[in-house]
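Undergrad: when you get a sec, could you give me coordinates for this:
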Amino acid sequence: MAPAKSKAAATKPSGGGKSAKKKKWSKGKVKDKAQHAVALDKPTFDRINKEVPTFRFISQSILIERLKIGGSLARKAIRHLEEEGQIKRIVHHNGQLIYTRSVGGAE
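TA: Take a look at the predicted model:
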């Protein structure tokens, strides 16, 4: 007669295979949806005219992040500042416009 196995040992699955415990994937971190301004108000416009020309690196992404404005507003603000000569274009690649502050004012 073969040696008797305990109930726990008999029900425990062996090594690997289908019955092995599956890996639990982490849920990951969820970023909150940003509530950026979609309309331009007077304080935001004043802040754009005062602060943005002092940035060393100016792009749509930077304005969205720092000023909490929408992408279309950021593009309009950049276009406005370039027309006034307050910022100078460095690179225009596809959709990403990169600017810097205009040293020495408008020429």
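Undergrad: quick check: residue 91 touching residue 59?
TA: No. Counting by CB atoms under 8 Å, residue 91 does not reach residue 59; the two are 9.2 Å apart. Placement of C-beta: from N, CA and C, glycine included.
Undergrad: give me the common contacts of the two.
TA: Shared contacts of residue 91 and residue 59 (CB atoms under 8 Å, 6 or more residues apart in numbering): 97, 98.
Undergrad: ok, the two, which is more surrounded?
TA: It is residue 59, of residue 91 and residue 59, that has more neighbours when counted by other CB atoms under 10 Å, with 18 against 10.
Undergrad: relative to residue 50, how far out is the more buried one?
TA: Distance, residue 59 to residue 50, by CB to CB, to the nearest Å: 18 Å.
Undergrad: tell me the contacts of residue 53?
TA: 81, 86, 87, 101, 102.
Undergrad: try 6 Å
TA: 86, 87, 101 (CB atoms under 6 Å, 6 or more residues apart in numbering).
Undergrad: which one (most neighbours) among those?
TA: The residue in the contacts of residue 53 with the most neighbours, by other CB under 10 Å, is residue 87 (21 neighbours).
Undergrad: so what's it up against?
TA: Neighbours of residue 87 in contact, by CB under 6 Å, 6+ apart: 53, 58, 81, 99, 102.
Undergrad: who wins for neighbours among these?
TA: Greatest neighbour count in the contacts of residue 87, by other CB under 10 Å, goes to residue 58: 27 neighbours.
Undergrad: run through the bridge partners of it.
TA: residue 99 (DSSP bridges).
Undergrad: next secondary structure after the lengthiest helix in the chain?
TA: Using DSSP state H, we find that the single longest helix of the chain is helix 71-84. Downstream of helix 71-84, the first helix or strand assigned by DSSP states H and E is strand 87-93.
Undergrad: so what are the sheet partners of that following strand and their directions?
TA: strand 96-101 (antiparallel).
Undergrad: only C-alpha atoms, please: export the partner strand in PDB.
TA: Presented in PDB, the C-alpha positions along strand 96-101 are these (Å, rounded to 0.1, in the frame of the first residue of the first chain):
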ATOM      1  CA  GLN A  96       5.600  71.700 -32.700                       C
ATOM      2  CA  LEU A  97       6.600  75.300 -32.700                       C
ATOM      3  CA  ILE A  98       9.600  76.200 -30.500                       C
ATOM      4  CA  TYR A  99      10.500  79.800 -29.600                       C
ATOM      5  CA  THR A 100      12.800  81.700 -27.300                       C
ATOM      6  CA  ARG A 101      12.700  85.200 -25.800                       C
END
